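Trainee: Sequence first, predicted model second:
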Amino acid sequence: MPVLNRIAALSEDMATWRRHIHRHPETGIDCAGTAAYVAERLREIGVDQIHEGIGQTGVVAIIEGQGTGPTVGLRADMDALPIPEATGADWASERPGLMHACGHDGHTAMLLGAAAYLAETRNFPGRVALVFQPGEETGDGAARMIADGAISRFGIDQIYAIHSAPGTPVGGFYTTPGPIMAAVDEFRVEIRGKGGHGAYPHHCIDPIPAATAIAQAFQTIVSRNHDPLQDLVVSVTQIHAGTTHNVIPDSAWLGGTVRTFLPQVQDMVRTRMEALVAGHAAAYGVEAVLDYAIGEPPTVNDEASTALAVEVARDLAGPEAVSADTGREMGAEDFAYFLREVPGAFVFIGNGDTPGLHHPAYDFDDAAAPWGASFLARVAETALRRGAERA
């Protein structure tokens with residue numbers, strides 16, 4: 001089964017929608033303009049209900065099918081990133097310092113394309129809930145929408161999402177059952193010493209050696225405190241201190257990210273960080289405080305939902321274009337919160353040989369949109385028909 005003919009006919013519309021969103025990026029929860037644009041397109045498409053302001057700027061739209069059945073959710077994220085764009089595209093961001101570098105503009109356009117097809121055909125029992133989410137990059141959008149009733153208020157029984165994958169050919173898909181993306185935590189260590197003249201370090205308590213020593217010690221958590229057969233990443237990504245060459249600063253700080261899949265590994269990392277910070281503070285004569293912030297949980301695909309998604313993708317793209325067990329990745333995705341509430345699956349869709357996600361030259365390939373919209377439409381139809389049969 002190739003791309004659906006009706007959705008192929010929407011290719012130009014999806015490109016237009018996507019490029020408009022790309023020109024006008026918004027970050028975090030503050031996606032009011034994007035949400036308004038989505039709601040306007042949904043009104044033109046002719047969905048049955050549009051609910052705005054879910055979780056501040058989220059949108060949930062409902063398409064009623066023919067006859068009773070469950071409710072299947074389809075989710076797209078809408079937010080961009082604080083990255084200066086370097087694509088040189090005609091539709092490049094018009095907002096300096098902001099761009100869609102993770103494909104969320106394409107995700108939104110694909111879900112609008114699927115919505116147009118589903119609202120026109122309605123060849124399914126039950127109903128489809130279209131979930132347009134802000135704040136994926138900041139990790140709080142899904143939780144906010146859930147707290148505002150995105151699952152319970154609309155009675156969503158299953159939920160699916162897709163994400164752009166540079167390096168995978170357009171028309172290709174991959175996913176895996178069970179854990180597919182990691183939990184993500186952030187840490188920051190504040191170090192306070194005693195500043196002074198760079199020529200007289202013996203009159204100071206220099207926080208910089210303490211900061212660099214703590215950063216190096218954190219790397220031993222993976223290599224010496226952790227089972228190498230389990231997945232773990234500890235990355236120090238920032239060290240900040242000082243203002244000029246001849247001044248020892250009063251303070252320094254370092255920060256980074258931790259990626260895990262198991263709660264016991266997460267607890268071990270935090271405990272070891274606390275011990276290492278305390279020990280190095282004593283050794284270097286500084287004050288040091290660890291702030292460890294737990295972020296979104298692992299993204300865990302439901303096995304039955306993943307099998308259904310793989311079946312639909314293979315029917316659409318051919319068996320050779322779909323990988324059903326690629327293993328898990330250390331990136332994170334706040335779709336995890338939806339998958340904690342109801343069964344579902346997170347699937348990657350090929351974006352071709354392009355720069356990677358979060359790169360200033362990344363751009364969503366509009367040729368992928370008909371594939372993604374067809375997948376979303378078909379996965380909803382298939383899940384609803386089988387859910388109605390089981391009822």
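Mentor: That came in fine, so what should we check first?
Trainee: So what's the gap between stretch 156-163 and the chain middle?
Mentor: The chain centroid and the centroid of stretch 156-163 are separated by 13 Å under C-alpha atoms, centre = their mean, to the nearest Å.
Trainee: What lies in contact with it?
Mentor: Applying C-beta atoms under 8 Å, 6 or more residues apart in numbering, the set of residues contacting stretch 156-163 from outside is 70-77, 103, 107, 110, 129, 131, 150-151, 302, 305, 309, 333, 335, 338-339, 341-349, 372, 375-376, 379-380, 383, 387. All C-beta spots, glycine's among them, are computed from the backbone N, C-alpha and C.
Trainee: Give me the three-state assignment for the residue positioned nearest the centre of the chain.
Mentor: Residue closest to the mean C-alpha point of the chain, counted by C-alpha atoms, centre = their mean, is residue 333 at 3.5 Å. The assignment at residue 333 comes out as coil when based on DSSP: H, G, I helix; E, B strand; the rest coil.
Trainee: Pull out the buried positions in stretch 108-121.
Mentor: Across stretch 108-121, burial judged by 16 or more other C-beta atoms under 10 Å covers 108, 109, 110, 111, 112, 113, 114, 115, 116, 117, 118, 119.
Trainee: for stretch 195-212, same thing?
Mentor: Residues of stretch 195-212 classed as buried: 195, 196, 204, 205, 206, 207, 208, 209, 210, 211 (neighbour count, 16+ other C-beta under 10 Å).
Trainee: Among those, which pair sits farthest apart?
Mentor: Farthest-apart pair in the buried residues of stretch 195-212 is 196 and 211; separation 16.8 Å (C-beta to C-beta).
Trainee: Next one: residue 297 from residue 333, what distance?
Mentor: Between residue 297 and residue 333 the distance is 10 Å, computed by C-beta to C-beta, to the nearest Å.
Trainee: try residue 110
Mentor: Going from residue 110 to residue 333 by C-beta to C-beta gives 16 Å.
Trainee: How about residue 212?
Mentor: In terms of C-beta to C-beta, residue 212 sits 32 Å off from residue 333.
Trainee: swap in residue 200?
Mentor: Residue 200 is 50 Å from residue 333, by C-beta to C-beta.
Trainee: next one: residue 227
Mentor: Separation of residue 227 from residue 333 (C-beta to C-beta): 24 Å.
Trainee: Could you find the closest non-adjacent residue to residue 68?
Mentor: residue 125 (6.3 Å; C-beta to C-beta, 6 or more residues apart in numbering).
Trainee: dump the residue contacts of the one you found.
Mentor: Counting by C-beta under 8 Å, 6+ apart, residue 125 makes contact with 65, 66, 67, 68, 69, 384, 385, 387, 388.
Trainee: Output those residues in TSV, with distance to residue 142 appended to each entry.
Mentor: Formatted as TSV, the contacts of residue 125 follow (distance: C-beta to C-beta, whole Å):
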residue	distance to residue 142
65	25
66	30
67	30
68	28
69	25
384	22
385	27
387	23
388	27
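Trainee: And those, which of them are buried?
Mentor: Neighbour-count burial (16+ other C-beta under 10 Å) applied to the contacts of residue 125 gives 65, 69, 384, 385, 387, 388.
Trainee: Out of those, which comes closest to residue 279?
Mentor: Comparing these against residue 279 with C-beta to C-beta places residue 387 closest, at 55.2 Å.
Trainee: Confirm for me that that closest one is in contact with residue 70.
Mentor: Yes. Contact status for residue 387 versus residue 70: in contact at 4.0 Å, counting by C-beta atoms under 8 Å.
Trainee: so what's in contact with the two at the same time?
Mentor: Any residue near both residue 387 and residue 70 by C-beta under 8 Å, 6+ apart counts here, and that gives 126, 157, 158.
Trainee: can you redo those residues as JSON lines with pLDDT?
Mentor: Formatted as JSON lines, those follow (pLDDT from 0 to 100):
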{"residue": "126", "pLDDT": "98"}
{"residue": "157", "pLDDT": "98"}
{"residue": "158", "pLDDT": "98"}
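Trainee: would you turn the buried residues of stretch 108-121 into JSON lines with secondary structure?
Mentor: Converted to JSON lines, the buried residues of stretch 108-121 look like this (three-state DSSP):
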{"residue": "108", "secondary structure": "helix"}
{"residue": "109", "secondary structure": "helix"}
{"residue": "110", "secondary structure": "helix"}
{"residue": "111", "secondary structure": "helix"}
{"residue": "112", "secondary structure": "helix"}
{"residue": "113", "secondary structure": "helix"}
{"residue": "114", "secondary structure": "helix"}
{"residue": "115", "secondary structure": "helix"}
{"residue": "116", "secondary structure": "helix"}
{"residue": "117", "secondary structure": "helix"}
{"residue": "118", "secondary structure": "helix"}
{"residue": "119", "secondary structure": "helix"}
